[in-house]
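Engineer: Turn this into a model:
(one chain, ligands or ions: 2)
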Amino acid sequence: MKKKITILPGDGIGPEVVDQGLKVINAINQSFDHKFELKEADFGAISIDKHGTPLTDKTLKECLSSDAIFLGAIGDPKYDNNPNLPVRPEQGLLKLRKSLELFSNIRPISTYDLLFNVSPLKSTLLKDVDFVIYRELTGGIYFGEKKLSEDKTIASDLCEYSDKEISRIAYQAFEAAAARRKKLTLVDKANVLETSRLWRRVIQEISQEYPDVEVDYLFVDNAAMQIVLNPGQFDVILTENMFGDIISDLASVITGSLGMLPSASVGKKVALFEPIHGSYPQAQGLDIANPMAAILSVAMMYEHFGLFQEADMIKNGIKWALANDVVTQDLSADKEASPCSKIGDVLAWYIEEKGELKIKTDPANVSLNCII
Ligand code: IPM
Ligand code: MG
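Structural biologist: Ligands and ions are numbered 1, 2, ... in the order given. Here you go, the predicted model:
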């Protein structure tokens, strides 16, 4: 298959984790005879430094003319604590999402037995946790009108949704639920917000078309609690932009590390794939970041193109790395940590060897360092 992929390494650890994802794409190109061409573009704080804007017309054009986008992370602390700055990296991300109409952000949450020891939750709660969050990404309070009074003492952000904005992502979530364990949970705040009541009405209507899918409704405060108390109860969670932002970070740590969670943003045009973690500036340049979320985002990209064998190869490679303690420091607990750059090498090697690596069962117990 031939595809054009725009690479947006971004800020902080973005470029380091993206590099590992690129090793994987190149290995898949070789092993499966695909031609995924990679073209890098500036985005985020680095683009502000170079061009005065987080998203240049050139980068946007590049993205619009590609088949998919692979993004690292954006953000820089120099923008976080100064609310008076007129230009900030996040504006670039929001503009990109809006321009590409990426209305559906898909964040799968699953646990790995091998990581139970690094999860903040008890192992008994982690068994069989496997759910996916469908977060609306181009509407709601993120994009509503913003106001600041002239004397700068009163501010407001409008939260607005139309039935069309709700139904287009709802159909995706229902389809996903129908193909999975047939349960959909709408997370809202319908006891307080008019927009949430509209979400409920639209979901109730659409649910008539999916009689096999069980639908339940949770207020977002209760949902936050339930995700910690009993995460195994969820299959597909559907929610609006802001609630989705918050509960997906909450859900992500269940797995043991924010560094394990990939995401896909899909809409009408090009799709975008990115780890859900941020730019983690404290780790920049130290080669300690966990690139598995970025690599798993690459797997989601292959799934998006219908290349399931390739995606499975990557996911199995990640499981293999975990089983063989090839993990970065966030997951290593008391064991020796691997650098970020080694994870990409090991995954590429796994793919080139078509998954035929059996270090753990090797009687000589050859260390990975010797082999690579
Ligand atoms: C995310 C991030 C973004 C968001 C930020 C960087 C604007 O937190 O993708 O979850 O809030 O959507
Ligand atoms: Mg977020």
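Engineer: What is the neighbour count of the residue of the stretch 201-350 of the chain found nearest ligand 1?
Structural biologist: Closest approach between the stretch 201-350 of the chain and ligand 1, counting by CB to the nearest ligand atom: Asp245, at 4.4 Å. Heads up, the C-betas are built off the backbone N, CA and C, glycines and all. Asp245 sits with 17 neighbouring residues when counted by other CB atoms under 10 Å.
Engineer: would you say it is within a strand?
Structural biologist: No. If the criterion is DSSP: H, G, I helix; E, B strand; the rest coil, then Asp245 is helix and not within a strand.
Engineer: now it: how far from Gly278?
Structural biologist: 12 Å (CB to CB, to the nearest Å).
Engineer: and Lys3, bridged to which residues?
Structural biologist: With DSSP bridges as the criterion, Lys3 is bridged to Phe36.
Engineer: I figured it hits Gly306, correct?
Structural biologist: No. Look at Lys3 against Gly306 with CB atoms under 8 Å: they stay out of range, at 11.6 Å.
Engineer: So for these two, which sits in the more crowded spot?
Structural biologist: Ranked by neighbour count (other CB under 10 Å), Lys3 and Gly306 place Lys3 first, with 17 against 9.
Engineer: Enumerate every residue touching that one.
Structural biologist: Taking CB atoms under 8 Å, 6 or more residues apart in numbering as the criterion, Lys3 is in contact with His34, Lys35, Phe36, Glu37, Asp67, Ala68, Phe305.
Engineer: Verify the stated contact: the second one with Met1.
Structural biologist: Yes. Counting by CB under 8 Å, Lys35 touches Met1, with 7.4 Å between them.
Engineer: which of those two has more neighbours?
Structural biologist: Using other CB under 10 Å as the criterion, Lys35 and Met1 rank with Met1 on top: 14 against 9.
Engineer: just checking, that one touches Glu310?
Structural biologist: No. Using CB under 8 Å, Met1 makes no contact with Glu310, being 9.2 Å away.
Engineer: Name the residues contacting each of those two.
Structural biologist: Counting by CB under 8 Å, 6+ apart, the contacts common to Met1 and Glu310 are His34.
Engineer: Who are the packing partners of the longest helix belonging to the chain?
Structural biologist: For the chain, the longest helix by residue count, based on DSSP state H, is helix 14-32. Other elements packing on helix 14-32 under the criterion 3 or more CB pairs under 8 Å, 6 or more residues apart in numbering; DSSP states H and E are strand 2-10, strand 35-40, strand 68-73, helix 292-304, helix 308-323, helix 340-352.
Engineer: Identify the residues contacting the closest residue to ligand 1 within the chain.
Structural biologist: Closest to ligand 1 within the chain is Glu90: 4.0 Å, counting by CB to the nearest ligand atom. Residues in contact with Glu90, defined by CB under 8 Å, 6+ apart, are Pro54, Ile74, Gly75, Tyr79.
Engineer: quick revisit: make a PyMOL selection of whichever of the contacts of Lys3 turn out to be buried.
Structural biologist: Command for PyMOL, covering only those of those found buried under the criterion 16 or more other CB atoms under 10 Å:
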select buried, resi 34+36+67+68+305
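Engineer: which residue ranges form the strands in this structure?
Structural biologist: Using DSSP state E, the strands found in the chain span residues 2-10, 35-40, 68-73, 104-110, 130-136, 146-148, 155-157, 183-188, 214-219, 236-239, 262-266, 271-275.
Engineer: quick one: the longest one to chain centroid distance?
Structural biologist: Averaging C-alpha positions (CA atoms, centre = their mean, to the nearest Å) puts strand 2-10 16 Å from its chain's average.
Engineer: what's the answer for the last one, then?
Structural biologist: Centroid displacement of strand 271-275 relative to its chain, using CA atoms, centre = their mean, is 6 Å.
Engineer: What strands flank that strand, and is each parallel or antiparallel?
Structural biologist: Strand 271-275 has the following strand partners under DSSP bridges: strand 68-73 (parallel), strand 262-266 (antiparallel).
Engineer: interface residues of this protein facing ligand 1?
Structural biologist: Within the chain, the residues that sit near ligand 1 (CB under 6 Å from any ligand atom) are Gly75, Glu90, Leu93, Asp245.
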